[in-house]
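# Mind looking at a prediction? Sequence and model below.
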Amino acid sequence: MNIGIIGAGQLGRMLALAGYPLGLRFVFLDQSEEAPGAQVGRMVRGAFDDAASLHKLAAEVDIVTFDVENVPVDAVRDIAATKPFLPPPDALGASQDRYDEKSLFRKLRIPTAPFAAVDSRSDLEGAAARIGLPGVLKTRRLGYDGRGQYVLRTHHDLDIAWEQLGSVPLIYEGFIDFSREVSIIGVRSTRGEIRSYPLAANSHSAGILRHSIAPYRNAKLQRQAETYLRRLLRRFDYAGVLTIEFFVRGGQLIANEMAPRVHNSGHWTIEGALTSQFENHLRAILGLPLGSTEAIGHAAMLNFIGTMPRLQEVLKIPGVHYHSYGKEPRANRKLGHATLVAASAAARDRALKQLLRACRR
Ligand code: AMP
């Protein structure tokens, strides 16, 4: 069975690495021969929005999936008419626009921050007056890892934020004074089987995920997150992995965004769960039985951003697993990650401190 993956980033690479033991083969579509996936699979070179390249990929494989979200939905619908394309194009489309995404959450009774579309300077004035300050102004499309957003604290910030972002459609959101950020990763197969992983607690800085701890045990939040997840999975007749990121405030979940794909906050599942998010994504889109999503112990995942720590230093830490994506170092670039799995939360936290020290060296 040949799987086509649009995007040869680290997510695609880890999908392929999880799929080889199942006897699967992989072809990636990406512009760069240096992309992480290029080292582990065959490449079709081309842009994600180039219809001819997308068709070339589709012609070579039995089923198409993706590791990036900025694939034009119209181009993808063409492919979906001829080849299985999963997760469904509608879910991809909904995740590409923050306003549409939050409107969908609202329709499905999934709580969100208050939000408003902003297409003009006066819309921004109105939104800030109605929703209040502080707030976050974000581009509706193509924002990731904190790019394309501005936190507004005073009225004076409106001018600066508008100057920086005002050339494209925007969304203004109320600022959520959260106690923590968590995410749920769920998976639904083409046969309708659904499973979800335990929540992960995520630490971001400058909009980029730094580390995750999982399982984050909180029975009430887990139930809430699974309920919201199932609403989205059913809505799209979904197949594959779906992630929702939440803020926690006052013991309640507030959804920030969804990703119709495997997710950075689920990398811990490679060694920390009985079946990884990558393997379960493949099982799901192929209609195979899903694997158990149970955690094996207490896991932490730390991203390597901008520079890679020394392998020798990291491997000294008990229970550590090192993942390099084979990328050239560059500021703010995710180059790899490490996962720790320990028998207790206390041992995991001790090892995480050691790992953070090794990354500072
Ligand atoms: P996003 O690009 O929407 O995932 O945002 C990146 C990060 O910025 C989030 O993980 C939060 O840490 C922060 N952030 C985004 N939106 C809000 C908000 N409405 N209130 C508070 N923090 C936010």
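Nice, I can see it. It should be emphasised that the depicted structure is a prediction, and the values quoted were computed from it without experimental measurement. Numbers count the residues shown, from 1 in each chain.

# Neighbours of residue 183, how many?
When counting by other C-beta atoms under 10 Å, one arrives at 26 neighbours for residue 183. Yep, even glycine has a C-beta here, placed from its N, CA and C like the rest.

# That one pairs with what?
residue 200, residue 245 (DSSP bridges).

# Quick check: residue 262 touching residue 282?
No: with contact taken as C-beta atoms under 8 Å, residue 262 and residue 282 are classed as non-touching, separated by 9.8 Å.

# So residue 76 sits against residue 90, correct?
No: between residue 76 and residue 90 there is no contact under C-beta under 8 Å: 10.1 Å.

# In the sheet, which strands lie alongside the host helix or strand of residue 3, parallel or antiparallel?
Using DSSP states H and E, residue 3 maps to strand 2-6. Next to strand 2-6 in the sheet, as set by DSSP bridges, lie strand 25-30 (parallel), strand 63-66 (parallel).

# how about TSV for those strands, with mean pLDDT and mean neighbour count added?
Shown next, in TSV, are these (pLDDT from 0 to 100; neighbours: other C-beta atoms under 10 Å):
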stretch	mean pLDDT	mean neighbour count
strand 25-30	98	24
strand 63-66	98	24
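
# Dump those strands to CSV, plus distance to the ligand.
Converted to CSV, the strands paired with strand 2-6 look like this (distance: least, C-beta to the nearest ligand atom, whole Å):
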stretch, distance to the ligand
strand 25-30, 23
strand 63-66, 19
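
# Just put those in JSON lines and tack on distance to residue 132.
Below are these laid out as JSON lines (distance: least, C-beta to C-beta, whole Å):
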{"stretch": "strand 25-30", "distance to residue 132": "43"}
{"stretch": "strand 63-66", "distance to residue 132": "37"}
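
# residue boundaries of the helices in the stretch 1-150 of the chain?
10-19, 51-60, 73-80, 89-96, 98-107, 121-131 (DSSP state H, counting those that start in this stretch).

# so which of the ones you listed gets nearest residue 205?
helix 10-19 (19.6 Å; C-beta to C-beta).

# Can you check what angle separates that closest one from strand 2-6?
Relative orientation of helix 10-19 versus strand 2-6 (axes from the mean of the first three to the mean of the last three C-alpha atoms, to 10 degrees): 170 degrees.

# list the helices and strands helix 10-19 packs on?
strand 2-6, strand 25-30, helix 277-285 (3 or more C-beta pairs under 8 Å, 6 or more residues apart in numbering; DSSP states H and E).

# Now tabulate the ones you listed in a markdown table and tack on distance to residue 133.
A markdown table is the format used below for the helices and strands packed on helix 10-19 (distance: least, C-beta to C-beta, whole Å):
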| stretch | distance to residue 133 |
| --- | --- |
| strand 2-6 | 39 |
| strand 25-30 | 41 |
| helix 277-285 | 37 |
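
# Out of these, which is the most enclosed?
helix 277-285 (a mean of 26; mean count of other C-beta atoms under 10 Å).

# near the ligand, which residues of this protein?
113, 136, 143, 146, 173, 175, 176, 181, 204, 207, 256, 257 (C-beta under 6 Å from any ligand atom).

# same thing but at 8 Å, please
Proximity of the chain to the ligand, by C-beta under 8 Å from any ligand atom, involves residues 98, 113, 135-136, 138, 143-149, 151, 173-178, 181, 202, 204, 207-209, 245, 247, 256-257.

# Okay, domains of the chain per the record?
2-85, 114-174, 180-360 (automatic domain parsing).

# Can you find the helix or strand in this protein with the smallest mean pLDDT?
helix 73-80 (a mean of 92; mean pLDDT, DSSP states H and E).

# still on that earlier bit, mind exporting the C-alpha coordinates of the strand holding residue 3 to CSV?
Provided in CSV are the C-alpha atoms of strand 2-6 (Å, rounded to 0.1, in the frame of the first residue of the first chain):
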residue,chain,number,x,y,z
ASN,A,2,1.4,3.4,-1.0
ILE,A,3,0.6,6.5,1.1
GLY,A,4,1.0,10.0,-0.4
ILE,A,5,1.7,12.7,2.1
ILE,A,6,1.4,16.4,1.1
